[in-house]
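1. compute the structure for the input listed below.
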Amino acid sequence: MAKTLHVSADPSTTLTGGTTSYFVCGNGYILASETTEAEAQVTYRTAGTITKLFANVGTNTVLTASTIRTRKNVANGNLSVSIPSETTGLFEDNINSDSVASGDKINYQIVVGGVINN
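-> Numbers count the residues shown, from 1 in each chain. I've put the predicted structure just below:
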């Protein structure tokens, strides 16, 4: 099975504490976060496996942990990265994976910790 790299990035994205946002999963620049999951879902047309979730956090003023995860058909996927409070750097999940069937709807979810340190 061929491997495909999915890249989603936006260095200017700022998320509010205590919120849940959804992002398109796939190759491209993230234009905006969505508060409605259906707006961020991508229907996969080919079966495969998603592996190695990676996040680069440049600024983090949240006082509780945040989580980035995959979502598959409106349920949590297996890939997940926890970002500790007020911590920046590289975070990754190299262990878990998500199997995808043709027709599955996939996206990313970011749950930001509850309190922002101003």
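
2. what about the strands in this structure?
-> For the chain, strands defined by DSSP state E occupy the ranges 8-9, 20-24, 28-29, 42-43, 48-57, 66-72, 75-83, 89-100, 105-111.

3. among those strands, single out whichever gets nearest to residue 35.
-> Across these, the minimum distance to residue 35, taken as C-beta to C-beta, is reached by strand 20-24, at 6.6 Å. The C-beta positions use only the backbone N, C-alpha and C, and glycine is treated the same way.

4. low pLDDT regions in this protein?
-> Under the criterion of pLDDT under 70, the regions of the chain flagged as low confidence span 1-12, 27-32, 116-118.

5. just so I know, which of the strands of the chain lies nearest residue 36?
-> Short answer: strand 20-24, nearest of those by C-beta to C-beta, at 7.2 Å.

6. what does the closest one contact?
-> Contacts of strand 20-24 with the rest of the structure, by C-beta atoms under 8 Å, 6 or more residues apart in numbering, involve 8, 15, 30, 33-37, 39-42, 71, 107-112.

7. that strand vs strand 66-72, what angle?
-> Using axes from the mean of the first three to the mean of the last three C-alpha atoms, to 10 degrees, the direction of strand 20-24 lies 50 degrees away from that of strand 66-72.

8. give me the buried positions along strand 20-24.
-> Buried residues in strand 20-24, counted by 16 or more other C-beta atoms under 10 Å: 21-24.

9. stretch 96-105 now?
-> Across stretch 96-105, burial judged by 16+ other C-beta under 10 Å covers 97-98, 100, 104-105.
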